[in-house]
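Undergrad: Sequence first, then the predicted structure, then my questions.
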Amino acid sequence: MIRKIHNGWNGTPGYNCFGCCATNPEGLRMEFYEDGDEIVSFWQPTSNKQGWINILHGGIQATLADEIASWVVFRKLQTSGVTAQLNVRYRKSIDIRDGKITLRAKLLGRRRNLADIEVKIFDAHGELCTEVAVVYFTSNEKQAKEMGFVPFELEE
């Protein structure tokens, strides 16, 4: 069963994340859901995020993948951190005219303070277009608290 993850930072003074802040006028305004062991996001590409004509910019795809990977850490590990490494493999271009794309991410494993995360981006037709391997440096409880981490729970 897929359930929406509550963004505990909404309404926090100074919060303006490019990836997930719902009120950032320049941002991606991503929302996230939990589907078993995966974190999922459905996102509508727009013409101001294109590279070549009608094609979603590769850097935007990398940013989308980076953002959903952080939400894997927030929700599944209940901590914060920063991206240590991002390896993107573009398989097929994404036509922005086709509709919403789907991102799926999951935790593959954890080594001390490093989390290995797999992200897949599918076009509006369900075809796998991009695969991303992310290594995330996770914070300990004290560091997470200093970064303003709040627990990420599911909405009712």
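TA: Perfect, thanks for sending it.

Undergrad: How about the residue in the protein that sits furthest from its center?
TA: In the chain, residue 53 marks the outermost C-alpha relative to the chain mean, sitting 24.4 Å out by CA atoms, centre = their mean.

Undergrad: dump the residue contacts of that residue.
TA: Residue 53 sits next to no residue when contact means CB atoms under 8 Å, 6 or more residues apart in numbering. Glycine gets a C-beta too; all of them are placed from N, C-alpha and C.

Undergrad: next helix or strand past the helix ranked longest in the chain?
TA: Counting residues, the longest helix in the chain under DSSP state H turns out to be helix 58-72. Proceeding N to C from helix 58-72, the next assigned helix or strand is strand 81-90, under DSSP states H and E.

Undergrad: So what touches that following strand?
TA: Outside strand 81-90, the residues touching it (CB under 8 Å, 6+ apart) are 58, 61-62, 65-66, 69-70, 73, 113-115, 129-139, 144.

Undergrad: now swap in stretch 13-21 and tell me
TA: If you take CB under 8 Å, 6+ apart as the criterion, stretch 13-21 is touched by 7, 9-10, 23-24, 26-32, 63-64, 66-67, 70-71.

Undergrad: likewise stretch 26-36?
TA: 1-5, 7, 16-22, 39-43, 60, 63-64, 67-68, 71, 75, 104, 154.

Undergrad: and those residues, which of them are in strands?
TA: 2, 3, 4, 39, 40, 41, 42, 43, 104 (DSSP state E).

Undergrad: any idea whether residue 119 is helix, strand or coil?
TA: Put simply, residue 119 is strand when judged by DSSP: H, G, I helix; E, B strand; the rest coil.

Undergrad: how about it, what does it touch?
TA: 65, 68, 69, 103, 104, 105, 130, 131, 132, 133, 134.

Undergrad: try it again with 7 Å
TA: Listed by CB atoms under 7 Å, 6 or more residues apart in numbering, the contact set of residue 119 reads 65, 68, 69, 103, 105, 132, 134.

Undergrad: so how far is stretch 132-139 from its chain's centroid?
TA: Offset of stretch 132-139 from its chain centre (CA atoms, centre = their mean, to the nearest Å): 12 Å.
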